[in-house]
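Enquirer: With the input below, show me the fold.
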Amino acid sequence: MTAAGTDPEAWQELCRISIIPNLGGAGTALSFEGMTEDISGMEWGEKDIEGVVLLNGGRIAKYVSMTDESLTLKIYDINAENTANEGAVQLFHKQATADVTQPIAVNNTITRETFGIILLWAETLPATGILLPAESKTAYRIQITNAYMTSYKPNFDDKIKSAEVTFKWTPFQQDGTSNKREESTDGTAQLPAAITSATSF
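Expert: Next up is the predicted model:
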């Protein structure tokens, strides 16, 4: 049996982020080193209820369908490519054919792409979010499928070019299966393999 790892007081500072564009099922994962503080929004869905009044004055809870979910990240993009983990605008404005020839040109498009997303915190971080943490190490992982990049907003906060990128997804697929999974391990067992597809676990 593998010994348990050492739980941190909190998951903070560095994490591994992998983004998998669908690209017709042939997308290659883009991997990033991230600061947890640069994840500026994690809007998980609400499972609200509404009180329904009965004739006797009592109440019953009526379930309200779970709301959509979203994730906002701050990135430091330095070019318009999406092949070297250095840019994201072509992920937002998907081109008919990705432009990899200098100079790069990205036109606005109406085309949308789906993405898989991996956020990984671990006692010992692997090189990318797709890789598994070492055995006997604690870890926490969030995986998302069928997400859309709904916002790409460049800015010059802190006098450095960056962008806020928002991904949004429905909590469930058409067949009712989940689009988000959260996992953790205390080190006595390793996490299962991470997603390699933008559309399924």
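
Enquirer: Could you pull out the strands in the protein for me?
Expert: Taking DSSP state E as the test, the strands found in the chain are 14-21, 30-35, 39-43, 49-53, 59-63, 69-75, 114-122, 139-155, 162-169, 180-185.

Enquirer: Confidence-wise, which of those strands is weakest overall?
Expert: Lowest mean pLDDT within the strands of the chain: strand 30-35, a mean of 79.

Enquirer: tell me the contacts of the closest residue to W11 other than its chain neighbours?
Expert: Closest residue to W11 apart from its sequence neighbours, by CB to CB, 6 or more residues apart in numbering: W121 at 4.1 Å. Glycine gets a C-beta too; all of them are placed from N, C-alpha and C. Contacts for W121 (CB atoms under 8 Å, 6 or more residues apart in numbering) come out as 11, 15, 36, 139-141.

Enquirer: What distance do you get for W121 to T138?
Expert: 9 Å (CB to CB, to the nearest Å).

Enquirer: just F172 next, same as before
Expert: In terms of CB to CB, F172 sits 29 Å off from T138.

Enquirer: residue with max distance from the center of this protein?
Expert: The outermost residue of the chain, judged against the average C-alpha position, is N56 (47.0 Å), by CA atoms, centre = their mean.

Enquirer: thinking L71 is in contact with G41, fair?
Expert: Yes - in this structure, L71 is within contact of G41 by CB atoms under 8 Å, at 6.7 Å.

Enquirer: Now for these two: what residues contact both?
Expert: Common neighbours of L71 and G41 (CB under 8 Å, 6+ apart) are T166.

Enquirer: Look at the two and report which has more neighbours.
Expert: L71 (22 against 11; other CB atoms under 10 Å).

Enquirer: For the more buried one, which non-adjacent residue is closest in space?
Expert: Distances taken as CB to CB, 6+ apart put F167 closest to L71, at 4.9 Å, once the chain neighbours are dropped.

Enquirer: Who does the one you found form a beta bridge with?
Expert: Using DSSP bridges, the bridge partners assigned to F167 are L71, M149.

Enquirer: again with P154
Expert: A163.

Enquirer: That one against F92, yeah?
Expert: No - with contact defined as CB under 8 Å, P154 does not reach F92; the gap is 10.4 Å.

Enquirer: Report the central residue of this protein.
Expert: Note: the chain centre (CA atoms, centre = their mean) maps to I117, 3.4 Å.

Enquirer: Would you quantify the distance from that one to T138?
Expert: Separation of I117 from T138 (CB to CB): 21 Å.

Enquirer: just T188 next, same as before
Expert: Counting by CB to CB, the gap from T188 to T138 is 10 Å.
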